[in-house]
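In: let me see the structure of the following:
(chains A and B)
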Amino acid sequence: MISSFFLRALEGRILAAVAVLLAVALLVPAANLLTAPDSALHIPTYAVSLMGKYLCYALLALALDLVWGYCGILSLGHGAFFALGGYAMGMYLMRQIGSRGVYGNPDLPDFMVFLNWKELPWFWHGMDMFWFAVLMVLVVPGLLAFIFGWFAFRSRVNGVYLSIITQAMTYALLLAFFRNDMGFGGNNGLTDYKEILGFSVQADGTRAVLFALSAIMLSLCLVISSGIVRSKFGKVLVGVRDAESRVRFLGFRVENIKLFTFVVSAMMAGIAGALFVPQVGIINPGEFAPANSIEVVVWTAVGGRGTLIGPIIGAILVNGGKSFFTGAFPEAWLYALGALFIGVTLFLPKGIVGTIQHRFAGRRAAKAADEAEKSAADTAVANQIQAAE
Amino acid sequence: MSQLVSETRPASLLYLDGVSVSFDGFKALNSLSFVVEPGELRAIIGPNGAGKTTMMDIITGKTRPDSGTVLFEDTIDLTRKDEADIAQLGIGRKFQKPTVFESHTVWDNLELALNRKRGVFATLFYRLTPQDKARIDEILTTIRLTHRRDELAANLSHGQKQWLEIGMLLAQEPKLLLVDEPVAGMTDAETAETAILLREIAKTRSVVVVEHDMGFIRDLGVKVTCLAEGSVLAEGSIDFVSSDPKVIENYLGR
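Out: Model prediction:
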């Protein structure tokens, strides 16, 4: 049962993408750790972390594609799930600082000492254990998505209205996390990490492993997503996107279908956030900003929604472009992003991967039609010859 | 034999009594009463705004009535169920505008409609069995679309989409099929073909057809119910109904 699920998932393009990602997971750390700094093949550590960041964004875009591209739920709040996953990991990293903080308090993170708190709030308990933090990376975004989706999908909130509520959700969390009383470091967030599982977060080796993990998790989530969309469930999902009432009148519980997908997607976003935080070294409420969630939609649209691979390419391209532009022409970046979005909407409405797929499909169809015509002509000729004889 | 069958089967498949519903003060249905027997093929006619589509909305759980009784198989109260429940009970519905999954192939459309477990995990790990395959092939033959099975539904002609939708309803294996204007926008040849198709389907289940096309209704040759202003105006054979002075005044034209 499970094996057929994964077998179906590893169809051509997905298999190729996974192979590329796994190769990258191996080669980039190798080029960083095993080559001399002056070698042409050397990749500096800052670049490894930067690319690791792109892979986390790619995973976030993939998560969005699952709900938007396949189920038609335009979530403008996926950044919230990403940030929650990030905070869960950030809390673990904060607890690993121990007495090495500025105030040297072995039990409380610096910001709590500064706020004059005497003991750890209840929701910080257990976050010093890695396995528990990892569990929370999945559970917290998943639970929020479940509660949100339970109400939204049951009351049949759709389209623009749903998008607006998701924006409101991430904005509400932004405001909440800004408050010092929330116990998540307020405005400054969580930072100044020292160690993860006993390894220094600054060390080249740790950064290389985090990069490799990002690539591996991205391929794993890609395979799972592919399995989902290629199953009968995935076909129902597309049905919900294209003709929701038909799905309902066929006897499917549309709200459960949406809820499952939304929760899976939120968990993937959480994983992305958790891998992001140790690589950039900080998580703060800024990650909840509504604009961040909208940017994810742009990456997905640029790469091609409903293609799984498109959002990965889109996220890497747009963020790569962002890094380049903000370095080379800092003032031009926002114009470039705007131009990119307009350009894609006008000339590549299906996104990069979507357009390529469409071209290929078109060519195949034309070829098939040609052949059919040819064979029809052949039989006609043969018939004529027969008749003549 | 027939005695035996009537004992095991419910007396009525669908039973509506005194059903009223109003939208913003407009009475869409006004104490409508209406019975469909098991195995019956019934046609419903009536002017625009007579409440035909609203009636279907109520039967399929899309709209809740303000008052009245809606029973399926004599015991199941449909007003307490939602669309998915009602579909699983065995009531299929074809919309006025053909509604199929355009980005799926004809085959996939039927596979999705097949009456199998519809839960998240059942569909996630579903594998096509030889029985299901045979069933889909059978339906493809019935709806005359075998040669287009791998085509995207979006590429079908209007009439073929209507048939595909009917095929999807068949795959659902409903006890009752509600069909809203199946021949709207069809060519004459397609209309005649559809009449044959519906009669074929009605051999194994009850079918209620809403239609404007009088020629088509005549082709079907079944009991006709004429609705007007949310209640039943006349009921009987097509000749009986179309000679009724009230029907002529309200619907067929003065």
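In: ok, and the closest non-adjacent residue to the residue of the stretch 151-254 of chain B found nearest chain A?
Out: Ranked by CB to the nearest CB, the top residue of the stretch 151-254 of chain B for proximity to chain A is B:Gln172, at 6.3 Å. In short, each C-beta sits where N, CA and C put it, glycine included. Leaving aside its chain neighbours, B:Gln172 sits nearest to B:Gly92 (4.7 Å; criterion: CB to CB, 6 or more residues apart in numbering or on different chains).
In: the helix or strand that contains the one you found packs against which elements?
Out: Per DSSP states H and E, B:Gly92 falls inside strand B:91-94. Other helices and strands packing on strand B:91-94, by 3 or more CB pairs under 8 Å, 6 or more residues apart in numbering or on different chains; DSSP states H and E, are helix B:158-171, strand B:176-180.
In: can I get the ones you listed in JSON lines with mean neighbour count and mean pLDDT?
Out: JSON lines is the format used below for the helices and strands packed on strand B:91-94 (neighbours: other CB atoms under 10 Å in any protein chain shown; pLDDT from 0 to 100):
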{"stretch": "helix B:158-171", "mean neighbour count": "23", "mean pLDDT": "91"}
{"stretch": "strand B:176-180", "mean neighbour count": "23", "mean pLDDT": "92"}
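In: among the ones you listed, which comes closest to A:Met89?
Out: Nearest to A:Met89, of all the helices and strands packed on strand B:91-94, is helix B:158-171, at 46.2 Å by CB to CB.
In: what's that closest one packed up against?
Out: strand B:91-94, helix B:106-113, helix B:130-142, strand B:176-180, helix B:188-202.
In: that one vs helix B:188-202, what angle?
Out: 0 degrees (axes from the mean of the first three to the mean of the last three CA atoms, to 10 degrees).
In: just the CA atoms of helix B:158-171, as CSV, please.
Out: Output of helix B:158-171 as CSV, limited to C-alpha atoms (Å, rounded to 0.1, in the frame of the first residue of the first chain):
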residue,chain,number,x,y,z
HIS,B,158,-20.8,20.2,-25.0
GLY,B,159,-23.0,17.2,-25.6
GLN,B,160,-20.2,14.8,-24.7
LYS,B,161,-19.6,16.7,-21.4
GLN,B,162,-23.3,16.2,-20.6
TRP,B,163,-22.9,12.5,-21.2
LEU,B,164,-19.7,12.3,-19.2
GLU,B,165,-21.5,13.9,-16.3
ILE,B,166,-24.4,11.4,-16.6
GLY,B,167,-21.7,8.7,-16.7
MET,B,168,-20.2,10.0,-13.5
LEU,B,169,-23.6,9.8,-11.9
LEU,B,170,-23.9,6.2,-13.1
ALA,B,171,-20.5,5.4,-11.6
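In: got a list of contacts for that helix?
Out: With CB atoms under 8 Å, 6 or more residues apart in numbering or on different chains as the test, helix B:158-171 has contacts from A:246, A:250, B:92-95, B:98-100, B:106, B:109-110, B:112-115, B:135-136, B:139-140, B:142-145, B:148, B:153, B:156, B:177, B:179, B:182-183, B:185-187, B:190, B:194, B:197-198, B:201.
In: and it with helix B:130-142, angle?
Out: Using the same axes, to 10 degrees: helix B:158-171 against helix B:130-142 is 140 degrees.
In: any idea how far helix B:158-171 is from the middle of the chain?
Out: 12 Å (CA atoms, centre = their mean, to the nearest Å).
In: and the angle from it to helix B:106-113?
Out: Using the same axes, to 10 degrees: helix B:158-171 against helix B:106-113 is 30 degrees.
In: secondary structure class for residue 49?
Out: No chain specified, so I'll use chain A. Secondary structure for A:Ser49, judged by DSSP: H, G, I helix; E, B strand; the rest coil, is helix.
In: chain B is the one I meant
Out: Relying on three-state DSSP, one would call B:Gly49 coil.
In: please name the residues that touch it.
Out: By CB under 8 Å, 6+ apart, the neighbours of B:Gly49 are B:Glu229.
In: any idea how far B:Gln96 is from it?
Out: 14 Å (CB to CB, to the nearest Å).
In: quick check: which of the helices and strands packed on helix B:158-171 is nearest to B:Lys27?
Out: strand B:176-180 (20.7 Å).
In: who are the packing partners of that closest one?
Out: Using 3+ CB pairs under 8 Å, 6+ apart, strand B:176-180 is in contact with helix B:52-59, strand B:91-94, helix B:158-171, strand B:206-210.
In: so where does B:Ser22 fall, helix or strand?
Out: strand B:14-23.
In: tell me which other helices or strands that strand touches.
Out: Counting by 3+ CB pairs under 8 Å, 6+ apart, strand B:14-23 packs on strand B:26-36, helix B:52-59, strand B:67-72.
In: just those: most buried one?
Out: Compared across these, helix B:52-59 shows the largest average neighbour count, a mean of 23 (mean count of other CB atoms under 10 Å in any protein chain shown).
In: quick one: name the residues of chain A near chain B.
Out: A:1-2, A:4-5, A:228, A:231-233, A:235-236, A:238-239, A:242-243, A:245-254, A:256-257, A:260 (CB under 8 Å from any CB of the partner chain).
In: mind checking which of the residues you listed are in helices?
Out: A:2, A:4-5, A:228, A:232-233, A:235-236, A:238-239, A:242, A:245-249, A:254, A:256-257, A:260 (DSSP state H).
In: please convert the buried members of the residues you listed into ChimeraX selection syntax.
Out: In ChimeraX syntax, the buried subset of these is picked out as below (16 or more other CB atoms under 10 Å in any protein chain shown):
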select /A:5,228,232,233,235,236,238,239,242,246,247,248,249,254,256,257,260
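In: in what helix or strand does the residue in the stretch 1-150 of chain B that chain A sits nearest to lie?
Out: Nearest residue of the stretch 1-150 of chain B to chain A: B:Ala87, at 3.4 Å (CB to the nearest CB). Counting by DSSP H and E, the element that carries B:Ala87 is helix B:83-89.
In: go on, A:Phe151?
Out: helix A:130-154.
In: the following helix or strand past that helix: which residues count as buried?
Out: Once helix A:130-154 ends, the next helix or strand along the chain (criterion: DSSP H and E) is helix A:159-178. For helix A:159-178, burial by neighbour count (16+ other CB under 10 Å) applies to A:Leu162, A:Ser163, A:Ile165, A:Thr166, A:Gln167, A:Met169, A:Thr170, A:Tyr171, A:Leu173, A:Leu174, A:Phe177, A:Phe178.
In: dump the residue contacts of A:Ala328.
Out: Per CB under 8 Å, 6+ apart, neighbours of A:Ala328: none.
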